[in-house]
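[1] Return a 3D structure for these sequence lines:
(one chain, ligands or ions: 1)
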Amino acid sequence: MEIKRAWYKEMSFYQIWPRSFKDSNGDGIGDLGGILEKLDYIKSLNVDGIWFSPLYVSPNNDYGYDIADYKNINSEYGTLEDMKKVINEAHKRGLKIIMDLVINHTSNEHYWFKEARKSVDNPYHNYYIWRKGRGKDGKKAPNNWKSNFPGSAWEYVPECDEYYLHIFDVGQPDLNMDNPAVREEIKGIIRFWLDLGIDGFREDVINYISKVEGLPNGFPLPVMTGMEKYINGPHLFEYLQEFNEVYNEYPEVMTVGEVLLVNEKKMLEFIGEDNQVLKTMFNFEQLEGDCIKASWAHTHFMLPKLKKIYEKWQRALYGKGWNTLFLENHDQPRIINRYGDVNYRTESGKLLATMYIMQSGNPYIYQGQEIGMLNLELPNIESYPDVNSQTFYKAFRKFGFSDKFAMKRVHYSARDNARTPVQWDSTKNAGFTTGEPWFTVNPNYQEINVEKEEQNPDSILNCYRKLLKIRKENDVLIYGDFTLYYRNSKKWFVYSREFEGKKALIICNFTNKEIKAKVPKEFDLSKGTLLMSTYIDHNELSGNTYIAKPYEARVYLF
Ligand code: NOJ
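    Residues are numbered from 1 along each chain as shown. Model prediction:
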């Protein structure tokens, strides 16, 4: 299979969730000043770009994913001038910047919505999705759709005697993308930021933006009822094509779509190289190694299942479209608690890093992942700020589960796990702020922090640096075809990459034991170069094998 080289395929990204990254003015909230201070650190990871979760003006019902002004920066984070400085300084260091484009919905505090809700005749009314209530007295919601954050997807507005649709929180009304005026606004937003100098967008729940005409009832489910009526909707491709025309006015725009419930075939309709309307899309199946669809429905970690998922996507996209690789983001609990082993935090953290970064696709690293930050356990639901944790907890209780059970789920699955302040050092508040942090600093910060990781050449942090460096230096690790070995093994994740006569072999021991490495017959390790092991003091080869240390991963080049 032929594979085309392209600038964007070679990139890797660091994701910043600004509120918890680094505070520079002592108000307890991360900000652009803090980001500026840490640009050299980010560069030192050997990434090529930064994805910023929303920095725009927002009442923070969903921490920035509810936007009240798309063309300005939330004053908690700084000003537009500060943002220009960050863009400039990042570019000086060779880092590209992508921003979050959240266009399925706005905040209910956006000017458009404040106008829209005034009356059915308001010029902005049709920017959103409104319907009359059902039933004799019109008191029943327009259809049976449920929000992605448990609860109804409709909210009544007396001034209009209509309900508006909100697929997320009640403070996040869905935009009516079928209205050409709305699409023009979106194009204006895209141009505004590209003109300011950014390099692209991560597009929030982008496959939700086109709803089936008439908004018919959906298949009844405990959450997300109606999703088959708005996911991958009838005009999605058309609208993305329209936005793509704007991207094409600029050189080298990076785009990555957040899409839920998309199989490989569907994804290729959007990212396929012959008909590309987005460069890449996030495939969430790679986070299903320990759950059914979402971490709220978690199971134990199943390595063979995870390997098959990876293999399926590596095979399906190779040579046809470009993949993305990620283990964490601001919506996901920490990966060591999921796929790794907290008793072997460093060892399993490095193993997981190697396992995913050496595959084909753009690696994304979420803040704190590179130092092996872990989940947090808070005593009660009131201590969890995220609206999603709150609504899931309530839903569990409503279905009759005990507080203990519901809290156990929250401890494992809450997005708040990823939103604790980044642990920079072992001083008060982990060096995140000199003030009162907006959210709990994980009490393990004296053990786990950037400063400590910097000092240890064998740390998780230094492993990420090495992996991203060897990926850059070896085309086979970027463009190579993927082959999986020992598909059903519960102990080993072994795969190879192959490109232009070069081969790489990646051998990952997923056990906490010292065991003899399994090496596919066609490879002679003594003829290969060991590009890296996750242990500095790894064992020497003995014949065509070696004794792998607990959770050791190796990369060989041939
Ligand atoms: C996906 C975002 O990643 C998440 O944080 C947000 O809550 C929803 N989309 C709604 O915007």
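
[2] quick one: contacts for the closest residue to the ligand within the stretch 351-500 of the chain?
    Proximity of the stretch 351-500 of the chain to the ligand (C-beta to the nearest ligand atom) peaks at residue 388, 6.5 Å away. From N, CA and C alone the C-beta is placed, and that goes for glycine too. Going by C-beta atoms under 8 Å, 6 or more residues apart in numbering, residue 388 touches 62, 149, 331, 414-415.

[3] please redo it, this time with the cut-off set to 10 Å
    Contacts for residue 388 (C-beta atoms under 10 Å, 6 or more residues apart in numbering) come out as 62, 148-150, 168-169, 296, 331, 413-416.

[4] Most neighbours among those, which one?
    residue 414 (27 neighbours; other C-beta atoms under 10 Å).

[5] Can you report phi and psi for that one?
    Phi and psi for residue 414, reported as degrees, to the nearest 10, are phi -60, psi 140.

[6] so it sits right up against residue 381, yeah?
    Yes. Counting by C-beta atoms under 10 Å, residue 414 touches residue 381, with 9.5 Å between them.

[7] joint contacts of these two?
    389-390, 392-393, 407.

[8] Out of these, which two sit at the greatest distance?
    390 and 407 (12.4 Å; C-beta to C-beta).

[9] Can you get me a residue count around residue 399?
    10.

[10] The residue lying closest to residue 290 once chain neighbours are set aside: what's it in contact with?
    Spatial nearest neighbour of residue 290, excluding adjacent residues (C-beta to C-beta, 6 or more residues apart in numbering): residue 301 at 4.3 Å. Neighbour list for residue 301: 289-291, 337-341, 510 [criterion: C-beta under 10 Å, 6+ apart].

[11] elements contacting whichever helix or strand residue 476 is part of?
    Using DSSP states H and E, residue 476 falls within helix 475-479. Judged by 3 or more C-beta pairs under 10 Å, 6 or more residues apart in numbering; DSSP states H and E, helix 475-479 is in contact with helix 460-473, strand 492-499, strand 502-509, strand 553-557.

[12] Just put the ones you listed in a markdown table and tack on mean pLDDT.
    Formatted as a markdown table, the helices and strands packed on helix 475-479 follow (pLDDT from 0 to 100):
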| stretch | mean pLDDT |
| --- | --- |
| helix 460-473 | 98 |
| strand 492-499 | 98 |
| strand 502-509 | 98 |
| strand 553-557 | 98 |
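
[13] could you redo these as CSV and give each row distance to the ligand and mean neighbour count?
    Listed next are those as CSV, based on distance: least, C-beta to the nearest ligand atom, whole Å; neighbours: other C-beta atoms under 10 Å:
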stretch, distance to the ligand, mean neighbour count
helix 460-473, 22, 21
strand 492-499, 27, 22
strand 502-509, 28, 22
strand 553-557, 29, 23
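
[14] Adding distance to residue 226, write those out as JSON lines.
    Shown next, in JSON lines, are the helices and strands packed on helix 475-479 (distance: least, C-beta to C-beta, whole Å):
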{"stretch": "helix 460-473", "distance to residue 226": "40"}
{"stretch": "strand 492-499", "distance to residue 226": "37"}
{"stretch": "strand 502-509", "distance to residue 226": "40"}
{"stretch": "strand 553-557", "distance to residue 226": "42"}
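
[15] Tell me how far the helix holding residue 476 lies from the chain's centre.
    23 Å (C-alpha atoms, centre = their mean, to the nearest Å).

[16] about what we covered before: now render the shared contacts of residue 414 and residue 381 as JSON lines, adding distance to residue 21 and pLDDT.
    Output for the shared contacts of residue 414 and residue 381, formatted as JSON lines (distance: C-beta to C-beta, whole Å; pLDDT from 0 to 100):
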{"residue": "389", "distance to residue 21": "20", "pLDDT": "95"}
{"residue": "390", "distance to residue 21": "23", "pLDDT": "94"}
{"residue": "392", "distance to residue 21": "25", "pLDDT": "91"}
{"residue": "393", "distance to residue 21": "26", "pLDDT": "95"}
{"residue": "407", "distance to residue 21": "28", "pLDDT": "97"}
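
[17] Out of those residues, the closest to residue 10 would be?
    Distances from residue 10 to the shared contacts of residue 414 and residue 381, taken by C-beta to C-beta, are shortest for residue 389, at 36.8 Å.

[18] Which strand or helix spans the closest one?
    If you go by DSSP H and E, residue 389 is part of helix 387-398.

[19] Any idea what residue 154 is bridged to?
    residue 165 (DSSP bridges).

[20] isn't it right up against residue 128?
    No. Residue 154 is not in contact with residue 128 according to C-beta under 10 Å; the separation is 11.8 Å.

[21] Need the residues touching each of those two.
    With C-beta under 10 Å, 6+ apart, residue 154 and residue 128 have common neighbours 162, 164-166.

[22] pLDDT score assigned to the spatially most central residue of the chain?
    Nearest to the geometric centre of the chain sits residue 329, at 3.8 Å (C-alpha atoms, centre = their mean). pLDDT recorded at residue 329 is 98.
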